[in-house]
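1. I'll drop the sequence and a predicted model, then ask my questions.
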Amino acid sequence: MTAAHCTDGRTADQLKVKYGGLDRTRLAVTNQVAKINQHEDFSGALGHDVAVLTLTNNIQATDQIRTIDLASANPAQGTELVVTGWGSTRPDSTGLPAKLKAIREKVATVQACQAPDHAPRSALGRSEDGRPLGPAFPPALDGGVLCGAPVTQGESLCTGDGGGPAVAGGALVGFASWNSGCGHNGTGDVYTSVAALLPWLNSKIQ
């Protein structure tokens with residue numbers, strides 16, 4: 001599962017999923033994508049920023065590889081989220097780090113993610129060779145998203161973290177979608193809500 005802005009305009013043969021480690025350059029498993037199930041209502045400005053990738057081979061569990069349960073309800077305000085990704089660590093960076101990064105955020109009101117009119121709003125996708133994926137857009141802030149307020153000032157999602165997981169209580173609660181700039185003070189990170197789209201997600205999981 002990932003963000004639709006990371007798959008939009010792409011075909012399955014252009015994508016592969018790597019996993020099984022914390023170093024992006026030394027992941028143990030490469031799995032080809034057989035099918036992209038992108039949400040039919042995704043258009044950038046209207047939310048529904050989610051896609052389910054059907055893999056060529058089933059995921060085999062090991063000591064380092066596990067699947068995760070999907071949340072059936074949004075976490076309460078104040079709940080801590082653990083967010084991971086290989087996104088940029090500086091706003092001006094054009095590359096991606098090798099080591100997996102993690103930050104902690106707390107669920108905030110949707111209004112806390114409403115960027116000021118002058119602030120940029122950008123999708124968070126980036127390819128391995130540094131190319132941005134997805135447009136700059138202000139998706140609708142509604143029940144289909146979660147807002148995460150960074151616990152440490154200056155920490156946030158950044159380009160390349162798009163589609164990454166937000167986890168709470170051992171369940172996947174959201175996918176990184178967009179924000180108003182890496183480390184931008186005063187606004188939070190926006191996640192596509194798993195619970196809001198659970199019926200659609202379940203219908204695409206094979």
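-> The structure has been received and is ready for your questions.

2. tell me the contacts of residue 7?
-> 15, 36, 38, 51, 53 (C-beta atoms under 8 Å, 6 or more residues apart in numbering). Placement of C-beta: from N, CA and C, glycine included.

3. I'd guess the last one is in a strand, am I close?
-> Yes. Checked against DSSP: H, G, I helix; E, B strand; the rest coil, residue 53 lies within a strand.

4. which pair in the contacts of residue 7 has the greatest spatial separation?
-> Largest separation among those by C-beta to C-beta: 15 and 38, giving 11.5 Å.

5. give me the more crowded residue out of the two.
-> A direct count of neighbours by other C-beta atoms under 10 Å for residue 15 and residue 38 places residue 38 higher, at 22 against 17.

6. state the distance from the residue nearest to that one when sequence neighbours are not counted to residue 155.
-> Nearest-residue entry for residue 38: residue 51, 4.3 Å, with adjacent residues in sequence omitted and distances by C-beta to C-beta, 6 or more residues apart in numbering. Distance, residue 51 to residue 155, by C-beta to C-beta, to the nearest Å: 26 Å.

7. and what of residue 40?
-> Applying C-beta to C-beta to residue 40 and residue 155 gives a distance of 34 Å.

8. same question for residue 191.
-> 15 Å.

9. so which residues of this structure form helices?
-> 198-204 (DSSP state H).

10. tell me where the model's unsure across it.
-> 44-46, 115-143, 183-187, 206 (pLDDT under 70).

11. of residue 51 and residue 155, who's got more company?
-> Each of residue 51 and residue 155 has its neighbours counted (other C-beta under 10 Å); residue 51 has more, 23 against 18.

12. please report how far the more buried one lies from residue 33.
-> In terms of C-beta to C-beta, residue 51 sits 10 Å off from residue 33.

13. can you give me phi and psi for residue 152?
-> For residue 152, the backbone dihedrals (degrees, to the nearest 10) come out as phi -100, psi 130.

14. now it, nearest residue through space, not along the chain?
-> The shortest distance from residue 152 to any non-neighbouring residue, by C-beta to C-beta, 6+ apart, is to residue 103 (7.1 Å).

15. I figured that neighbour hits residue 150, correct?
-> Yes. Contact status for residue 103 versus residue 150: in contact at 6.4 Å, counting by C-beta atoms under 8 Å.

16. out of the two, which sits in the busier spot?
-> Using other C-beta under 10 Å as the criterion, residue 103 and residue 150 rank with residue 150 on top: 23 against 18.

17. residues touching that one, list them.
-> 103, 105, 156, 188-189.

18. strands of this structure, start to end?
-> Under the criterion DSSP state E, strands of the chain are mapped to 16-19, 29-38, 51-55, 69-70, 80-85, 101-108, 122-123, 125-126, 132-133, 145-150, 165-168, 171-179, 189-193.

19. quickly compare those strands and say which is most buried.
-> strand 189-193 (a mean of 29; mean count of other C-beta atoms under 10 Å).
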